[in-house]
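Q: give me a model of this one.
(one chain, ligands or ions: 1)
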Amino acid sequence: MSNLIPGFTGYRPSAVEAGYVARQLLARRYTSIPRLSRPSAEDAAAIAELMNHALRVPGVFQLLATQHAQRPGAKFEATINDLKRHSGDVGQLIDKQTAAEATAVLADILPRAEALLKEPPPPHLANAFGKEDAIALAAARWFKHEYFTWIDPIKCPRCGGATKFAEVSEPNERERAGGARRVEVHKCDSGGCEGQRRFARYNTVKALMGSREGRCGEFAQLFYVFLLVLGLEARYVWNSEDHVWTEYFSPTAGHWVHVDSCEAEVGKPQLYDRGWGKQQRWCLAFGALGAEDVTRAYVDDWDACLARRMQQTEDGRGVTEERLKLILLTHTVQCRAHRGDAERAQLAGVDQQQAAWITDARRRNLEAELGGLKGQGRESGTEAWVQARGEGGDVQMEEPPEVIDDVAHEPNTTNEVPGEVKDGVRETVDEEGEAAAAGSGTVTAVEEVKE
Ligand SMILES: [Zn+2]
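A: Below is the predicted model:
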């Protein structure tokens, strides 16, 4: 328990300690994340008891891990655990040389943002369009239209004709060095031509800056780091219905703002629900400041969404609302407990603003109306692919073709986290719902400890 030295602020809590604090927060015994370096006698005793218990039982961790892997919702939890790797600042996510290269690549974004600030902003952003918002918009437009390329349709490298997805293959040495865990092989569709193209699902920033191509997984992963390099507070958003995007914190708007580099859209969280017609269940945001269940910002009918979550959890493919809150809050505690008092207080204020926004359906509705999303189908991807995924908005198509998974996920640490291609269709994961209070994973008051 050397971590509990009074006055020492740099301590990063263990999972046991953070879990303990998260439970206290959920029980409202704390109203904000405390500084773990100065626990009360009661807390110190409780945490010591938890840790001693865990240490005393031989093999307890293996036993727990085995049980954990078998219980319902384990896959979903594994996915959440994997998302924690996005919680870092630039210095933790990329090396210095890659950061320097990214800075050089992004040199033109700030001047473009300044130019945007001199023009009338897009109507749905008119109420809040400050420097950060302009940077995000300039970056998203540049990323989609100039820098990164949507991989499909994949052309035959020999004859230039159409290819067809053939199989998932093991990465070679070079591909593995770029973090690829699997490679899609696409073979030429015209008779007699032996051409084939390997599409490695890279996972490192360096490799993605080299390939400059992908689907939404590659788009979101690289764009997330670019936002950080540009100096924005950003996070990576995972959606259980096979999409990923990003958010940045807008001081002008006073909340986290949606930005999707596949679509070059900023501040249109209803894009997937109203626009593409997706029946979403979970949208979870991960960044250096912790994790938040942001689903409420991305669905029109929150109650219907909660019902979908509950169904998934009953089917064994999700976790309860209570469990989800605990997992996200524990992670948030681990991301914040080592920070100074002033910073933690400031972050609690940010959480409050975010919670006020995410629960204000009327305000978000108004913003969505201004965004004009009704029937705005997906722009990224081939038309057939978009239709096969049911993301075409109002546009209908007769026969959906085969679907190949979208999200480049993610060095999955477990065997079969979502992202696996099964019969060419990506398996999605889900879970349940109870009244998930606004901004779960956030803490809502500035006061230190009460009671
Ligand atoms: Zn060919």
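
Q: quick one: furthest residue from the center of this protein?
A: Distance from the C-alpha centroid of the chain peaks at residue 192, with 42.9 Å (Cα atoms, centre = their mean).

Q: please, which helix or strand holds the closest residue to residue 364 other than its chain neighbours?
A: Spatial nearest neighbour of residue 364, excluding adjacent residues (Cβ to Cβ, 6 or more residues apart in numbering): residue 297 at 6.5 Å. C-betas here are computed from N, CA, C, even on glycine. For residue 297, the host element (DSSP states H and E) is helix 295-298.

Q: can you name the element that comes right after that helix?
A: helix 302-314.

Q: that following helix - what's its average pLDDT?
A: Across helix 302-314, the average pLDDT comes to 96.

Q: so residue 329 sits right up against residue 24, yeah?
A: No. In this structure, residue 329 is not within contact of residue 24 by Cβ atoms under 8 Å, at 10.0 Å.

Q: those two: who's more crowded?
A: residue 329 (26 against 19; other Cβ atoms under 10 Å).

Q: next one, pLDDT for the more buried one please.
A: 96.

Q: so the residue nearest to it when sequence neighbours are not counted, which state does it fall into?
A: Distances taken as Cβ to Cβ, 6+ apart put residue 22 closest to residue 329, at 4.0 Å, once the chain neighbours are dropped. Secondary structure, DSSP: H, G, I helix; E, B strand; the rest coil: residue 22 is helix.

Q: any idea how far residue 271 is from residue 22?
A: Look at residue 22 and residue 271: by Cβ to Cβ, to the nearest Å, they are 31 Å apart.

Q: got it, and residue 252?
A: Taking Cβ to Cβ, one finds residue 252 at 21 Å from residue 271.

Q: out of these two, which sits in the more crowded spot?
A: Taking neighbours as other Cβ under 10 Å, residue 252 and residue 271 compare with residue 271 leading, 26 against 15.

Q: could you check how far the more buried one is from residue 306?
A: Distance, residue 271 to residue 306, by Cβ to Cβ: 21 Å.

Q: next, the contact list for residue 83, please.
A: With contact taken as Cβ atoms under 8 Å, 6 or more residues apart in numbering, residue 83 is in contact with 236, 238, 284, 286, 291, 410.

Q: of all the residues you listed, which comes closest to the ion?
A: Within those, proximity to the ion (Cβ to the ion) peaks at residue 410, which comes in at 31.5 Å.

Q: what about residue 136, which helix or strand?
A: helix 131-142.

Q: got the domain ranges for the chain?
A: Following automatic domain parsing, the chain resolves into domains at 2-69, 74-150+215-426, 153-204.

Q: rewinding a little: what is the neighbour count of the residue nearest to residue 364?
A: For residue 297, the neighbour count with other Cβ under 10 Å is 25.

Q: verify the stated contact: it with residue 358.
A: Yes. With contact defined as Cβ under 8 Å, residue 297 counts as touching residue 358 (5.1 Å).

Q: assumed the residue farthest from the centre of the chain was part of a strand.
A: No. If the criterion is three-state DSSP, then residue 192 is coil and not within a strand.

Q: list the helices and strands the helix holding residue 297 packs on?
A: strand 255-260, strand 283-287, helix 302-314, helix 341-358 (3 or more Cβ pairs under 8 Å, 6 or more residues apart in numbering; DSSP states H and E).

Q: and those: which comes nearest residue 96?
A: Among the helices and strands packed on helix 295-298, strand 283-287 comes nearest to residue 96, with 20.8 Å by Cβ to Cβ.

Q: who are the packing partners of the following helix or strand past that closest one?
A: Following strand 283-287 in sequence order, the next helix or strand is strand 290-293 (DSSP H and E). Here strand 290-293 touches strand 283-287, helix 321-336, going by 3+ Cβ pairs under 8 Å, 6+ apart.

Q: turn those into a markdown table, including distance to residue 381.
A: Shown next, in a markdown table, are the helices and strands packed on strand 290-293 (distance: least, Cβ to Cβ, whole Å):
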| stretch | distance to residue 381 |
| --- | --- |
| strand 283-287 | 19 |
| helix 321-336 | 29 |
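
Q: nearest to the ion, of those?
A: Closest among the helices and strands packed on strand 290-293, using Cβ to the ion: strand 283-287, at 39.6 Å.

Q: can you list contacts of the closest one?
A: Taking Cβ under 8 Å, 6+ apart as the rule, strand 283-287 contacts 80, 83-84, 86-87, 233-240, 247, 256, 291-295, 297-298, 328, 331.

Q: gap between that strand and the chain center?
A: Distance of strand 283-287 from its chain centroid, counting by Cα atoms, centre = their mean, to the nearest Å, is 4 Å.

Q: much appreciated, bye for now.
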